[in-house]
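Enquirer: Take a look and give me a structure for this.
(chains A and B)
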Amino acid sequence: MKAHLTELLATAAKTIAPDSAELNILLERPKSADHGDFATNLALVLAKPLKQNPRAIATQIIAALPASNYITKTEIAGAGFINFFLSPQSKQVVVKEILAAGAKYGRSDIGGNQKVQVEFVSANPTGPLHVGHGRGAAVGDCLARLLDATGWNVTREFYYNDAGAQIDNLTTSVLARCKGISTEHESFPENGYRGEYINDIAAAFLTKHTVVADDIEVTASGDINDLESMRAFSVAYLRHEQDLDLKAFQIEFDVFSLESALYTNGTVEKTVQALVKSGHTYEENDALWLKTTDFGDDKDRVMRKTDGGYTYFVPDVAYHTDKWNRGFVRVINEQGADHHSTITRVRAGLQALDIGIPKGWPDYVLHQMVTVMRGGEEVKLSKRAGSYVTLRDLIEEVGCDATRYFLAARRADSQLVFDIDLARSQSNDNPVFYIQYAHARICSVLSQWSNLSQQSNQGNAVNLMDVDLSPLNTPHETALMQRLTEYPETVVNAAADLAPHVIANYLKELASDLHSYYNEYKFLIDDESLKLARLSLISATQQVLKNGLDLLGVAAKERM
RNA sequence: GCCCUCGUAGCUCAGUGGAUAGAGCAUCCCCCUCCUAAGGGGAGGGUCACACGUUCGAUUCGUGUCGAGGGCACCA
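Expert: Model (predicted):
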């Protein structure tokens, strides 16, 4: 319908003002139902080039539009908006469309099955996942689901920084605990990790435990002089811990990449050589520099330090060449806002290599800080981790669904307050329960209808897809159908903006429409045709609620 | 000092180059003989941080100021 109207308007515009190609003509869904189902600013933008009153232009435009069965009324409003009102029949179509499409309603093939990678979480294996990682996990997973729903071929990837100084730090912390040094004692490493989990690792190491993580299996030597074993064991132990955190959060990855592998398989060295060959590097003060200023950075960056080690962004550039070589036309890195500084450097490094990587590749979605509140006070401590609130603490306290919803329901680039009391509450204060309740209510009505039908032994079961929908014409029903119609474009917009919170907001409004409808009308009534029409509508609503909740990774409960 | 993000109702947050800026909570009022009241309806509550600019029109775009968070190392 929108495409149809847009085409008509474009034709009309050409007829009226042939030279005005650059006009910003909009065809929008007005905020208020009083303004119809679609509205256009066409007459307003034509006012200037034509030097005419917008309302007079609008009159001409309307006269030029052909009659349509779908449009019951066209009016001029306000300064010169043209509002279109659709017929009830044209709105009812969506119900059958949804029931026919089922889980596919809202999905599209815009992505053309192209390869996209979403890298997210990517925590250092130095401790359990915290709330910030949780936000990354929730947002990243939803992004992957959104891209999948819009026809992309998605790979979810987790990158382990298992090669840097923080790992040395971890190893010395475990060593100190193996020796029985208290975290309070002055000989405990100054920047060491002090959480209780370090004790667990030390104990497991000394008793020669075996841990399994993803594709690796490591058995501790139990020898405190064997730092290599201690390092490998500690990393594997924490990767396993993080695997459990992710499992509790119901998040799965397709690929785990290791930073250490980039060194051992020579990718880092090859990348450095290629950069040197590119001519964008120079030696100064015994260090190797990359001229990132050639690519928009405000100063050049060191690649190889005087001690011979590489700075952080070098393996990162190497990692991204690896991503590019794996054929990802699009890469989205979901990270904390503290990664902001690496964006320019990584992109500059990739541009310097001159291997055909587009300028803005890869994409970044950075999320801001999460503050956790309980009883009106900020929660900062976790016994297990020693300092921060762990993801597992949250999941155990408020459940997986609520945690995922709350962490994904806000724009990534704004700071987030996670209210534990709110997430736990089982009332309409809590949007998760509000949405799930709407779904459960529909399930309840439909199952009672199904039971009643069986009892009355009506013979052939009624298929809600074949129902006459013409009785659906109250404001509640119209509003609900309108909302259902908007679902596919909502998914497309959310995916285009890499903004999962758009889905969360949509679902809240759809649930609100449903609760409102539910409260106003009865469904299991004597008027057979009205009953079936209403049941079709709520059945379609149930489907869309489920499809939307799936995008957030939240369960569509059948009862509460 | 420089860069990035944010600043919308008492609180938590949506939203938008256009029409009267929305929702939930909180406050107040109303609705269960009836399929989940875990719900619904209504009232009050706003200088869209501030200033200037662009525009027919700015809360939205631009610049500056203020405030919050993050980033500015041969750290990761």
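Enquirer: mind listing what the closest residue to RNA strand B within the stretch 51-200 of chain A touches?
Expert: Among the residues of the stretch 51-200 of chain A, residue A:164 lies nearest to RNA strand B; the distance is 2.2 Å by CB to the nearest atom of the strand. Heads up, the C-betas are built off the backbone N, CA and C, glycines and all. Residue A:164 makes contact with A:124, A:259, A:312, according to CB atoms under 8 Å, 6 or more residues apart in numbering.
Enquirer: And the contacts of stretch A:260-280?
Expert: By CB under 8 Å, 6+ apart, the list of residues contacting stretch A:260-280 from outside reads A:160, A:162-163, A:281, A:288, A:290-291, A:294, A:303-304, A:310, A:314-315, A:317-319, A:321-322, A:349, A:352-354.
Enquirer: how about that stretch, does it reach RNA strand B?
Expert: No - applying CB under 7 Å from any atom of the strand, one finds stretch A:260-280 separated from RNA strand B by no less than 11.0 Å.
Enquirer: Return the distance of that stretch from the chain's centre.
Expert: The chain centre lies 33 Å from the centre of stretch A:260-280; the measure is CA atoms, centre = their mean, to the nearest Å.
Enquirer: Quick check: end-to-end length of that stretch?
Expert: Length of stretch A:260-280, first residue to last, CA to CA, to the nearest Å: 26 Å.
Enquirer: and what of stretch A:424-439?
Expert: Start-to-end span of stretch A:424-439 (CA to CA) is 19 Å.
Enquirer: cool, and stretch A:399-418?
Expert: Per CA to CA, stretch A:399-418 runs 13 Å from first to last residue.
Enquirer: Centre of the chain to that stretch, how far?
Expert: Offset of stretch A:399-418 from its chain centre (CA atoms, centre = their mean): 11 Å.
Enquirer: circling back to that earlier point, narrow the contacts of stretch A:260-280 to those that are buried.
Expert: Buried by 16 or more other CB atoms under 10 Å: A:160, A:162-163, A:281, A:288, A:290-291, A:303-304, A:310, A:314-315, A:317-319, A:321-322, A:349, A:352-353, out of the contacts of stretch A:260-280.
Enquirer: Just the ones in helices from these, please.
Expert: Residues of the buried ones among the contacts of stretch A:260-280 located in helices (DSSP state H): A:314, A:315, A:317, A:318, A:319, A:321, A:322, A:349, A:352, A:353.
Enquirer: Am I right that the second one is in contact with residue A:160?
Expert: No - counting by CB atoms under 8 Å, residue A:315 stays clear of residue A:160, with 11.5 Å between them.
Enquirer: Find residues that contact each of these two.
Expert: Shared contacts of residue A:315 and residue A:160, defined by CB under 8 Å, 6+ apart, comprise residue A:259.
Enquirer: Where does the prediction get shaky in chain A?
Expert: For chain A, the stretches with pLDDT under 70 are A:1-25, A:48-49, A:381, A:383, A:427-429, A:457-460.
Enquirer: and the helix or strand containing residue A:273, C-alpha only, in PDB?
Expert: Element membership for residue A:273, per DSSP states H and E: helix A:267-278. The C-alpha trace of helix A:267-278 is given here as PDB (Å, rounded to 0.1, in the frame of the first residue of the first chain):
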ATOM      1  CA  THR A 267      48.700 -13.800  10.800                       C
ATOM      2  CA  VAL A 268      50.000 -11.000  13.000                       C
ATOM      3  CA  GLU A 269      53.500 -11.100  11.500                       C
ATOM      4  CA  LYS A 270      52.100 -11.300   7.900                       C
ATOM      5  CA  THR A 271      49.900  -8.300   8.600                       C
ATOM      6  CA  VAL A 272      52.800  -6.200  10.000                       C
ATOM      7  CA  GLN A 273      54.900  -7.000   6.900                       C
ATOM      8  CA  ALA A 274      52.100  -6.100   4.600                       C
ATOM      9  CA  LEU A 275      51.700  -2.800   6.500                       C
ATOM     10  CA  VAL A 276      55.400  -2.100   6.200                       C
ATOM     11  CA  LYS A 277      55.200  -2.900   2.500                       C
ATOM     12  CA  SER A 278      52.200  -0.500   2.100                       C
END
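Enquirer: what are the phi and psi angles of the nearest residue to residue A:216 once chain neighbours are set aside?
Expert: Spatial nearest neighbour of residue A:216, excluding adjacent residues (CB to CB, 6 or more residues apart in numbering): residue A:236 at 5.9 Å. When read as degrees, to the nearest 10, the backbone of residue A:236 gives phi -60, psi -40.
Enquirer: Ok, residue A:490 next?
Expert: Per-residue torsions, residue A:490: phi -60, psi -40 (degrees, to the nearest 10).
Enquirer: Let me see the contact set for it.
Expert: Counted by CB under 8 Å, 6+ apart, residue A:490 has contacts A:106, A:502, A:503, A:506.
Enquirer: neighbours around the last one, how many?
Expert: One way to gauge burial is a neighbour count; for residue A:506, by other CB atoms under 10 Å, it gives 20.
Enquirer: same check, this time on the second one
Expert: When counting by other CB under 10 Å, one arrives at 20 neighbours for residue A:502.
Enquirer: That one sits in which helix or strand?
Expert: Secondary structure from DSSP H and E places residue A:502 in helix A:501-520.
Enquirer: okay, that helix in PDB with CA atoms only?
Expert: Extracted in PDB, the C-alpha atoms of helix A:501-520 (Å, rounded to 0.1, in the frame of the first residue of the first chain):
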ATOM      1  CA  HIS A 501      15.300  -1.800  21.500                       C
ATOM      2  CA  VAL A 502      12.900  -0.900  18.700                       C
ATOM      3  CA  ILE A 503      11.500  -4.400  18.900                       C
ATOM      4  CA  ALA A 504      11.100  -4.200  22.700                       C
ATOM      5  CA  ASN A 505       9.200  -1.000  22.400                       C
ATOM      6  CA  TYR A 506       7.000  -2.400  19.600                       C
ATOM      7  CA  LEU A 507       6.100  -5.400  21.700                       C
ATOM      8  CA  LYS A 508       5.200  -3.300  24.700                       C
ATOM      9  CA  GLU A 509       2.700  -1.300  22.500                       C
ATOM     10  CA  LEU A 510       1.300  -4.400  20.900                       C
ATOM     11  CA  ALA A 511       0.800  -6.000  24.300                       C
ATOM     12  CA  SER A 512      -0.900  -2.800  25.400                       C
ATOM     13  CA  ASP A 513      -3.300  -2.900  22.400                       C
ATOM     14  CA  LEU A 514      -4.100  -6.500  23.200                       C
ATOM     15  CA  HIS A 515      -4.700  -6.000  26.900                       C
ATOM     16  CA  SER A 516      -6.900  -3.000  26.100                       C
ATOM     17  CA  TYR A 517      -8.900  -5.100  23.600                       C
ATOM     18  CA  TYR A 518      -9.100  -8.100  25.900                       C
ATOM     19  CA  ASN A 519     -10.600  -5.900  28.700                       C
ATOM     20  CA  GLU A 520     -13.200  -4.400  26.400                       C
END
